[in-house]
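A.B. asks: Here is the input, now give the coordinates:
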Amino acid sequence: MTLVKTCGKLYWAGEYAILVPGQLALIKAIPIYMTAEIKASDGYRLYSDMFTYSVDLRPDSSYALIQETVALVEEYLTAQGVDLRPFTIDIRGKMEREGKKFGLGSSGSVVVLVIKAMLAFYERPAERDLLFKLASAVLLKRGDNGSMGDIACIVSEDLVLYQSFDREKVAEWLEKEDLPTVLTRDWGFSIRNVETALDFDFLVGWTKEVAVSSHMVKQIKDNMNASFLQASKETVANLVKALQEGQEEKIIDLLEQASQLLEGLSSDIYTPSLRQLKDASRDLKAVAKSSGAGGGDCGIALSFDQDSTTLLKKRWADLGIELLYQERIGHDDKSEG
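C.D. replies: Below is the predicted model of the structure:
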């Protein structure tokens, strides 16, 4: 039996703009995990604790994402000359509570999880770029409208600067060419780990409001114009530079700028709860903003002294915002909220 895991993710900056090829986003891995156990068996059995039943490979609408991932990885393995054999896979870790998702990228997590499990089962190497391409291929074949930034972060399990690629072009390749050919091509993405030069607290606040990211994306992406895209790209690039150089005030200013860009894009991004989550960092050595598509789910905060962290956490608690996760960046010690 083999056990693998994948993490969640949250955006720090670059949301929406990242949907456009060549744009930048800064995305942080969140160590709230999904796990998969995989072992050889007489017949295929796929189980996820999202559902109350298991399936084999016969199409099932609830398990479609998992089944399509299995099919694509088997296509990849067959092309590598691997003899396929049936297995049982058991997926756990819903990334939700009381039926409400956290917004940590769980569909991306589950695709990467199944790929990692199958590559481990067949004792095949799982380099980051291969994982990224395989997972993106699964989602592109489904007509997914995301940037694949969540995949970039989840396969890296770090704070990453992601540059997006032309997904329409790659989707076209996947339709017209065989998978091995598409996997060897240069897709034009970039994933870079970001090291920070100062210590601070990173906090995740959960509003308990459920955002439907795909709907938000469809509604809002048409609002993006050239000046928004240019401003977003510059803000993310400058934010990475400020983090690498340890410029606290600049980091706060740039995250505030990133937040204002989102506010200017659509009034739907900041719900009343997300607005309260953000405003709670006022007059502190801290900055908070919406994360990802907005419209609910989580917001993030960076806090640069202990008093600010303590006060921000108290303000969030008073507002009914749950501290989902807390991490000291710049140190090895990590503690969940």
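
A.B. asks: which residues in the stretch 51-200 of the chain form helices?
C.D. replies: Chain-ordered helices for the stretch 51-200 of the chain, with DSSP state H, counting those that start in this stretch as the definition, fall at 64-79, 106-121, 128-141, 149-156, 167-176, 179-184.

A.B. asks: which parts of the host helix or strand of Leu323 are buried?
C.D. replies: Assigned by DSSP states H and E, Leu323 belongs to strand 322-329. Residues of strand 322-329 classed as buried by neighbour count (16 or more other C-beta atoms under 10 Å): 322-327. The way it works is simple: take the backbone N, C-alpha and C, and place the C-beta from them, glycine included.

A.B. asks: got the CA positions of it in CSV?
C.D. replies: The C-alpha trace of strand 322-329 is given here as CSV (Å, rounded to 0.1, in the frame of the first residue of the first chain):
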residue,chain,number,x,y,z
GLU,A,322,-12.8,31.6,11.8
LEU,A,323,-9.0,31.4,12.0
LEU,A,324,-8.5,28.5,9.6
TYR,A,325,-4.7,28.5,9.5
GLN,A,326,-1.7,30.4,10.9
GLU,A,327,2.0,30.2,10.0
ARG,A,328,5.1,32.0,10.9
ILE,A,329,6.8,32.8,7.6
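
A.B. asks: going forward, begin numbering at 20 instead of 1
C.D. replies: That works, and once the first residue is 20, the last one we named lands at strand 341-348.

A.B. asks: Tell me the strands beside that strand, with direction?
C.D. replies: Strand 341-348 has the following strand partners under DSSP bridges: strand 219-225 (antiparallel), strand 353-354 (antiparallel).

A.B. asks: Contacts only, for Ile85.
C.D. replies: 65, 67, 108, 110, 129, 133 (C-beta atoms under 8 Å, 6 or more residues apart in numbering).

A.B. asks: Please tell me which one of those residues counts the most neighbours.
C.D. replies: Counting neighbours by other C-beta atoms under 10 Å, Val133 leads those with 30 neighbours.

A.B. asks: count of neighbours near Asn242?
C.D. replies: By the criterion of other C-beta under 10 Å, Asn242 has 11 neighbours.

A.B. asks: That one contacts Asp287, doesn't it?
C.D. replies: No: applying C-beta atoms under 8 Å as the test, Asn242 and Asp287 come out as separate, 10.0 Å apart.

A.B. asks: How many residues are close by Glu146?
C.D. replies: The burial metric for Glu146, expressed as a neighbour count using other C-beta under 10 Å, is 10.

A.B. asks: The one 3 residues further on now?
C.D. replies: Other residues near Leu149 number 16, with proximity taken as other C-beta under 10 Å.

A.B. asks: Any regions of the stretch 70-219 of the chain where pLDDT drops low?
C.D. replies: For the stretch 70-219 of the chain, the stretches flagged by pLDDT under 70 are 114-115, 117, 119-122, 124.

A.B. asks: And stretch 225-233, what's buried?
C.D. replies: Neighbour counts using 16+ other C-beta under 10 Å place 225-227, 230, 232 of stretch 225-233 among the buried residues.

A.B. asks: Go ahead and confirm Ala154 touches Gly127.
C.D. replies: Yes: counting by C-beta under 8 Å, Ala154 does reach Gly127; the two are 6.9 Å apart.

A.B. asks: So this structure: which segments form each domain?
C.D. replies: Using automatic domain parsing, the domain parsing of the chain gives 21-212, 219-354.

A.B. asks: most remote residue from the chain's center?
C.D. replies: Summary for the chain: using C-alpha atoms, centre = their mean, the residue whose C-alpha lies farthest from the chain's mean C-alpha position is Asp61, with a distance of 34.5 Å.

A.B. asks: For it, give me its contacts.
C.D. replies: Counted by C-beta under 8 Å, 6+ apart, Asp61 has contacts Pro105.

A.B. asks: That one in helix, strand or coil?
C.D. replies: coil (DSSP: H, G, I helix; E, B strand; the rest coil).

A.B. asks: Please determine how far it is located from Thr107.
C.D. replies: With distances taken as C-beta to C-beta, to the nearest Å, Asp61 is found 9 Å from Thr107.

A.B. asks: Report the mean per-residue pLDDT for the helix or strand hosting Glu282.
C.D. replies: Secondary structure assigned from DSSP H and E places Glu282 in helix 267-284. The pLDDT scores in helix 267-284 average 97.

A.B. asks: what's the answer for stretch 342-356, then?
C.D. replies: Confidence over stretch 342-356 (mean pLDDT, whole number) is 72.

A.B. asks: same thing with stretch 36-46?
C.D. replies: Averaged across stretch 36-46, pLDDT comes to 97.

A.B. asks: How about it, which residues are buried there?
C.D. replies: 36-40, 42-46.

A.B. asks: measure Val133 to Val174 for me?
C.D. replies: Applying C-beta to C-beta to Val133 and Val174 gives a distance of 13 Å.

A.B. asks: Common neighbours of the two, please.
C.D. replies: In contact with both Val133 and Val174: no residue, using C-beta under 8 Å, 6+ apart.
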